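Peer 1: quick one: sequence and predicted model below, then my questions.
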Amino acid sequence: MIEFDNHKRRIDFGFIAALFLLFSVTSFTLILIGIKQYNYTADSISTNNENRTAASFIIEKIRQYDNNGAISVTTLDGCKALKISTELETGEYNMFIYYYDGYLRELLVSSSSVYSADSGQMIIPASDFNVAIKKNNLIKFTITDTNNDINTFYVSYKS
């Protein structure tokens, strides 16, 4: 009878150990799934934020400096750029929004100064940027983000 009792305790211990092992594996699997989902969500939020930031920045600059003939498309050191000309108290200035060396950039310079594309202020990381003026005062922007997702938006201007 003692042997039977000892055998029963081993079965009870084995069942409890198996149950604990199953609980541990399940918990670990759920944690890994949660980590993967968190990383995916964080990356999506970051990418979406970069896209909204770029679009909002460009739209705000166009609205801010929308004067007659101030908006055009040009090249800056071989980079396609949106050029916004404005008259300030100290003279005429040009603002360029363009892609260079992995970033969407902004450069505000006097129209008489010497400058290059690497002088611009970095706005957001990007893979590519394209701008084209369409008919009826409509500008098409295409920004390729760091995940190689292409985002296109249009902006109308009055001048």
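Peer 2: Good, I have the coordinates. Everything quoted here is computed from the prediction, not taken from an experiment. Residues are numbered from 1 along each chain as shown.
Peer 1: how about the contacts made by the residue nearest to the spatial centre of the chain?
Peer 2: Closest residue to the average C-alpha location of the chain: residue 50 at 2.8 Å, with CA atoms, centre = their mean. Contact analysis of residue 50 by CB atoms under 8 Å, 6 or more residues apart in numbering lists 124-126, 145-146. Using the backbone N, CA and C atoms, a C-beta is placed for each residue, glycine as well.
Peer 1: redo that, cut-off 6 Å
Peer 2: For residue 50, the contact set (CB atoms under 6 Å, 6 or more residues apart in numbering) comprises 124, 145.
Peer 1: where does it fall, secondary structure wise?
Peer 2: helix 2-64 (DSSP states H and E).
Peer 1: quick check: next helix or strand after that helix?
Peer 2: Helix 2-64 is succeeded, C-terminally, by strand 71-76 (DSSP H and E).
Peer 1: CA atoms of that following strand as CSV?
Peer 2: Listed next in CSV are the C-alpha coordinates belonging to strand 71-76 (Å, rounded to 0.1, in the frame of the first residue of the first chain):
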residue,chain,number,x,y,z
ILE,A,71,5.4,79.3,-55.7
SER,A,72,7.3,77.3,-58.3
VAL,A,73,9.1,74.1,-58.8
THR,A,74,12.8,74.1,-59.4
THR,A,75,16.0,72.1,-58.9
LEU,A,76,18.5,72.6,-56.1
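Peer 1: ok so, going back, now do the helix holding residue 50 and strand 71-76, the angle between them.
Peer 2: 110 degrees (axes from the mean of the first three to the mean of the last three CA atoms, to 10 degrees).
Peer 1: now helix 2-64: mean pLDDT?
Peer 2: In this model, helix 2-64 has an average pLDDT of 86.
Peer 1: fine by me, we can end here.
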